[in-house]
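Chemist: no sequence for this one, just the structure:
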């Protein structure tokens, strides 16, 4: 089991510090570049590539509270085209995509988001 947390001063989205991923054996990986979009992206990539044996993953309530405490970020869902199998970002409520975040009011493509995050 693993859990993702957002470290920030509650009710103040602009006090963002880091995204942390912790595992059942108490291992904590901290992503603290100062850019929530990049840190969330990097944490998600870490979970998918470095924790493949973790059977369950969830977000702590700090994730929801961080997003609800401000309006600086919008959800973007990584999905795959059924025909071409190419990845793309969807900005509609998707239940089968991987949730990522972008700066509010922006809608980068998958490749643009990867570039913004240095991937």
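Modeler: Perfect, thanks for sending it. Note that this is a predicted model, so its numbers are computed, not measured. Residues are numbered from 1 along each chain as shown.
Chemist: in the chain, which residue is most central in space?
Modeler: The chain has residue 40 as the residue nearest its centroid, 3.4 Å off, counting by Cα atoms, centre = their mean.
Chemist: that residue belongs to a helix?
Modeler: Yes - Residue 40 forms part of a helix when assessed by DSSP: H, G, I helix; E, B strand; the rest coil.
Chemist: how much space separates it from residue 101?
Modeler: Per Cβ to Cβ, to the nearest Å, residue 40 is found 5 Å from residue 101. Heads up, the C-betas are built off the backbone N, CA and C, glycines and all.
Chemist: repeat that for residue 61.
Modeler: Counting by Cβ to Cβ - residue 61 and residue 101 are separated by 17 Å.
Chemist: when the two are compared, which one has more neighbours?
Modeler: Taking neighbours as other Cβ atoms under 10 Å, residue 61 and residue 101 compare with residue 101 leading, 21 against 9.
Chemist: tell me which element the more buried one falls in.
Modeler: Residue 101 belongs to strand 98-103 when assigned by DSSP states H and E.
Chemist: so what touches that strand?
Modeler: 36-37, 40-41, 44, 48, 67, 72-78, 89, 108, 113 (Cβ atoms under 8 Å, 6 or more residues apart in numbering).
Chemist: shaky segments in the protein?
Modeler: Scanning the chain for pLDDT under 70 picks out 11-13, 55, 94-95.
Chemist: residue furthest from the geometric center of it?
Modeler: The chain, farthest from centre, Cα atoms, centre = their mean: residue 83 at 26.0 Å.
Chemist: strands of the protein, start to end?
Modeler: Taking DSSP state E, the strands of the chain run over residues 2-7, 18-23, 28-31, 57-59, 73-80, 87-90, 98-103.
Chemist: and the ones you listed as JSON lines, adding distance to residue 119?
Modeler: Listed next are the strands of the chain as JSON lines, based on distance: least, Cβ to Cβ, whole Å:
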{"stretch": "strand 2-7", "distance to residue 119": "18"}
{"stretch": "strand 18-23", "distance to residue 119": "15"}
{"stretch": "strand 28-31", "distance to residue 119": "13"}
{"stretch": "strand 57-59", "distance to residue 119": "20"}
{"stretch": "strand 73-80", "distance to residue 119": "12"}
{"stretch": "strand 87-90", "distance to residue 119": "12"}
{"stretch": "strand 98-103", "distance to residue 119": "11"}
